[in-house]
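Visitor: Compute the structure for the input listed below.
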Amino acid sequence: MLDWGAMLKEVSTAPLGDAEPKEQVTTNELQPGMRAGEHIILCKLGTGGFGTVYLAEHRLLNRKAAIKVLHRDRAASPEIVARFIREARAANRIAHDNIIDVYEFGELEDGRPYYVMEWLDGENLRDRIERGALPIADAVEILCQVGRGLRAVHDRGIVHRDIKPENVFLVNRRGSMHVKLLDFGIAKLTSDEDIDWTATGARVGTPRYMSPEQARRRDVTPKSDVYSAGVIAFEMLTGRPAFTADNDADLLVRVLHQRVPPASQFRRELPAALDRLIAKMLEKDPAERPDLATVMAALERPSTLRDRKWRRWVLVAGATVAASTAIVANIVMQAEHAPSAPAISIPAHVGDLPATVEHASVAESPPPASLPPPPDPPPTSAAPPPPARAVSPARRRVRTKSQPSTPVAPTTEPPKSSTVDDEAPYNPLHDGSAHRQ
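Guide: You can find the predicted model right below:
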């Protein structure tokens, strides 16, 4: 556990020039291969007003890290060194997923302080905005994560005071966007005495994103960070800054007295609820400005389209299901009203065919309707024929022979063998009586 209080007290009470520098170095830059504690410098990532950030790697764990080193001219001021320590201390005490993690502090051989923080792979919000306005869903998601980070900051008695796109880092985490808040260099710890970090007593912060009360150098509260977050939200959604001016003085005048136009004026498809929320966050009077809890509650309402991607997919899925249901219902309705397959009547003389024939396209056809009975024969005055009498086959042949011949319908049956006597046609020359003569 780092003893931040002891280091801060030691630095803030040390007089200027009290100690000899350990080593004279002609440049602020660290070269690749140089060491900062247990880390090996790989390359420079960027330079700010107070320090330079390097990419480094732990010499044993092979884990990459970012190291921020205070500039040599700034390290000569105990106040600035104290501010540098407070920055590391503020980030370290929060320990939140949306806050940069600082886990080591030390000094170089020349006496300059540095601290080690997690290395982030991605881009800051400034680089993203320069490519154009963000989709509404992405902008709201970033604003939500900034709000979660600020809530953790405020819960620990800290006001960031420098929320701007350069201090909002977008990390690509397994294909999803994750937000990290950076740079607590001018953060105000409400439990400590507020210190004017500049020798001239100038305002601290970035004029375009600072709140009106911060521009007036009045006491700031967590609502000051809410205002700065509103300025960021306006810029993300419109692709343009809330205020523009040729110099910082004119810019501060506009921050103090000019109202920000509605974001929907530059983006008409912006939801009304989100437009009203941003306007409330940009109120000049802190008393009229919502606190962070109110902002977060509004962002989580469906009317602000917080999860617009999810809602869009639900709408698409619902429309797809509705269309599929309509198609299936139409098919069923057509099947119910379609005419059934016609019944096939079988001629009476075709006795060897089956009684019914199934339709080729119907798996199970209903039984054919019964045919109407034949009409009754016309009445006749002739007497009914006498009942038939049983006779022997021989006599049946004789009687058949004596009757007038009628045409016989051809049959498809193959002719039967003539070797069977009882089915051969009757011939009187072969009768037994002829042989007896």
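Visitor: What is the burial count for Ala326?
Guide: For Ala326, the count of nearby residues is 10 (other CB atoms under 10 Å). The C-beta positions use only the backbone N, C-alpha and C, and glycine is treated the same way.
Visitor: quick one, phi psi at it?
Guide: For Ala326, the backbone dihedrals (degrees, to the nearest 10) come out as phi -60, psi -40.
Visitor: what helix or strand is Ile163 on?
Guide: In this structure, Ile163 sits in neither a helix nor a strand according to DSSP states H and E.
Visitor: Low-confidence ranges, the stretch 51-200 of the chain, go.
Guide: Filtered on pLDDT under 70, the stretch 51-200 of the chain yields the residue ranges 185-200.
Visitor: thinking Ile163 is in contact with Gly149, fair?
Guide: No - here Ile163 does not reach Gly149: they are 9.4 Å apart, not a contact under CB atoms under 8 Å.
Visitor: where do the contact lists of those two overlap?
Guide: With contacts taken as CB atoms under 8 Å, 6 or more residues apart in numbering, Ile163 and Gly149 have Leu181 as neighbours in common.
Visitor: neighbour-wise, which of the two wins?
Guide: Taking other CB under 10 Å, Ile163 and Gly149 do not tie; Ile163 has more neighbours (29 against 24).
Visitor: Read off the pLDDT value for the closest residue to Leu134 other than its chain neighbours.
Guide: Leaving aside its sequence neighbours, Leu134 sits nearest to Met236 (CB to CB, 6 or more residues apart in numbering; 4.8 Å). According to the prediction, Met236 has pLDDT 97.
Visitor: Can you say which helix or strand has Met236 in it?
Guide: helix 222-238.
Visitor: Against Arg151, how distant is Pro32?
Guide: Remark: distance between Pro32 and Arg151 (CB to CB, to the nearest Å) = 39 Å.
Visitor: still on that earlier bit, by contact count, what packs against the helix holding Met236?
Guide: helix 125-129, helix 136-155, strand 158-159, helix 212-215, helix 272-281, helix 292-299 (3 or more CB pairs under 8 Å, 6 or more residues apart in numbering; DSSP states H and E).
Visitor: out of these, deepest packed?
Guide: Comparing the helices and strands packed on helix 222-238 by mean neighbour count (mean count of other CB atoms under 10 Å), strand 158-159 comes out on top with a mean of 24.
Visitor: List the pairing partners of it within its sheet, with orientation.
Guide: Applying DSSP bridges, strand 158-159 is found paired with strand 188-189 (antiparallel).
Visitor: circling back: tell me which of the helices and strands packed on helix 222-238 approaches Arg112 most closely.
Guide: Of all the helices and strands packed on helix 222-238, strand 158-159 sits nearest to Arg112, with 25.2 Å by CB to CB.
Visitor: one step back: now for the helices and strands packed on helix 222-238, which one comes closest to Val231?
Guide: Val231 lies closest to helix 272-281 among those, at 8.3 Å (CB to CB).
Visitor: So what touches that closest one?
Guide: Against helix 272-281 from outside (CB under 8 Å, 6+ apart): 136, 140, 226-227, 229-230, 233-234, 237, 260, 262-264, 288-290, 295, 298-299, 301, 303-305.
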